[in-house]
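*Asks:* Build me a structure from this.
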Amino acid sequence: MSPDRRSTLRRLAAACAAACATPPRLALLAAPAALPLQAQDLPKTEPQPVMAGPYVPSPETVVSQMLDMAGVGPDDVLIDMGSGDGRIVLTAAKLRGARGLGIEIQEKLVRLSIEAAQREGIADRARFVRQDLFATDVSSATVVTLYLLPDTVNMLRDKLRRELRPGTRVLTHDYPIAGWLPETWKQFDEPEKKGATGQPSAVVYLYRIPAQVGGRWQASVPTAFTRQRVQLDLRQQWQMLDGMASVGGREVPLDDVRLSGDSVAFRLRLDGSRSARFEGRARDGVIEGTATLDGAALPWRAARV
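*Replies:* Next comes the predicted model:
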């Protein structure tokens, strides 16, 4: 990390934490009813919030690692669920040019985050709201970050799967998402965490929301490749994909099958020794892309049966 970048990270962290000299608090999640967007006291008639876990800010090295792993840039919309003092959203907006939204329940931290964004001149790209994690629509995100306790992370799992679009990157700090397979993960030394967690290290997991492509597909393959009827049977477990094809009634296994977000790729032996590479994007019950055979690249598509 360059000295200028590290200096900016430290300045952002100091700006949003300056007025937070109190001991770590317990992060709160509102009860099922959504809270107002503005930071204000909970109405007396609302159910009391429930404990979600201790508030421990992510060290600047972890923030940088998360943004690097996700490849955050100007085209991204980052949502930090449990944003604390706002440092992830602030850094993404300031250093990466991204737009961001921080969701936090403690009024003081929301107010401090808003003030930090205003001081840094990035309030148009870095927004913060006091709101219930479970009631907030996150469908606009291209990147979601979480540093919450395992129970809370896994309570959010179905919501994330339901609302996020294929290809959206999800990063968790220290705690994996049960039942999801990370695209990659990194463990590294972080002495700053020893006082808070007892471990002088951190782990960051990167997930990518996959398209739902499991099932049967009728493929339209270029006649220059084959005139036989081609049908695909895909088996999917999260982003792990394999399957078989029926080529003119002949069962053929798919080779080198890959799924990343909405991108699907596989190799299929059409006849004899000729093997074609198929690549495409899955959207709205259709896969469309390019098939390559013997140096020729032609369009192909498949529709869900």
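*Asks:* contacts, neighbours, all on C-alpha from now
*Replies:* Noted.
*Asks:* can you pull out the strands in the stretch 151-300 of the chain?
*Replies:* Listed in chain order, the strands of the stretch 151-300 of the chain (DSSP state E, counting those that start in this stretch) span residues 169-173, 184-189, 201-208, 215-220, 230-237, 240-247, 250-253, 255-260, 263-271, 274-283, 286-293, 296-304.
*Asks:* Identify each buried residue in the fourth one, please.
*Replies:* Meaning strand 215-220. If you call a residue buried by 16 or more other CA atoms under 10 Å, then strand 215-220 has these buried ones: R216, W217, Q218, A219, S220.
*Asks:* Walk me through which strands that strand pairs with, and which way each runs.
*Replies:* Paired strands of strand 215-220, with direction, are strand 230-237 (antiparallel), strand 296-304 (antiparallel) (DSSP bridges).
*Asks:* and what of the first one?
*Replies:* Here strand 169-173 is paired, per DSSP bridges, with strand 143-146 (parallel), strand 201-208 (antiparallel).
*Asks:* re the thing from before, so of the strands paired with strand 215-220, which one's packed in deepest?
*Replies:* Highest mean neighbour count among the strands paired with strand 215-220 (mean count of other CA atoms under 10 Å): strand 230-237, with a mean of 18.
*Asks:* what does the average pLDDT come to for that strand?
*Replies:* Averaged across strand 230-237, pLDDT comes to 97.
*Asks:* okay, the angle between it and strand 255-260?
*Replies:* Counting by axes from the mean of the first three to the mean of the last three CA atoms, to 10 degrees, strand 230-237 points 60 degrees away from the direction of strand 255-260.
*Asks:* Only C-alpha atoms, please: export strand 230-237 in PDB.
*Replies:* What follows is the C-alpha trace of strand 230-237 in PDB, where atoms were taken according to Å, rounded to 0.1, in the frame of the first residue of the first chain:
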ATOM      1  CA  VAL A 230     -28.800 -30.800 -28.200                       C
ATOM      2  CA  GLN A 231     -30.300 -30.800 -24.700                       C
ATOM      3  CA  LEU A 232     -28.400 -29.900 -21.500                       C
ATOM      4  CA  ASP A 233     -29.100 -31.200 -18.000                       C
ATOM      5  CA  LEU A 234     -27.200 -29.100 -15.500                       C
ATOM      6  CA  ARG A 235     -26.700 -29.900 -11.800                       C
ATOM      7  CA  GLN A 236     -25.800 -27.000  -9.500                       C
ATOM      8  CA  GLN A 237     -24.700 -26.600  -5.900                       C
END
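*Asks:* Which residues does it contact?
*Replies:* Contacts to strand 230-237, defined as CA atoms under 8 Å, 6 or more residues apart in numbering, come from residues 212-221, 241-248.
*Asks:* how about the strands of the stretch 151-300 of the chain in JSON lines, adding distance to A126?
*Replies:* Conversion of the strands of the stretch 151-300 of the chain to JSON lines gives the following (distance: least, CA to CA, whole Å):
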{"stretch": "strand 169-173", "distance to A126": "19"}
{"stretch": "strand 184-189", "distance to A126": "27"}
{"stretch": "strand 201-208", "distance to A126": "22"}
{"stretch": "strand 215-220", "distance to A126": "40"}
{"stretch": "strand 230-237", "distance to A126": "35"}
{"stretch": "strand 240-247", "distance to A126": "35"}
{"stretch": "strand 250-253", "distance to A126": "48"}
{"stretch": "strand 255-260", "distance to A126": "28"}
{"stretch": "strand 263-271", "distance to A126": "30"}
{"stretch": "strand 274-283", "distance to A126": "30"}
{"stretch": "strand 286-293", "distance to A126": "35"}
{"stretch": "strand 296-304", "distance to A126": "40"}
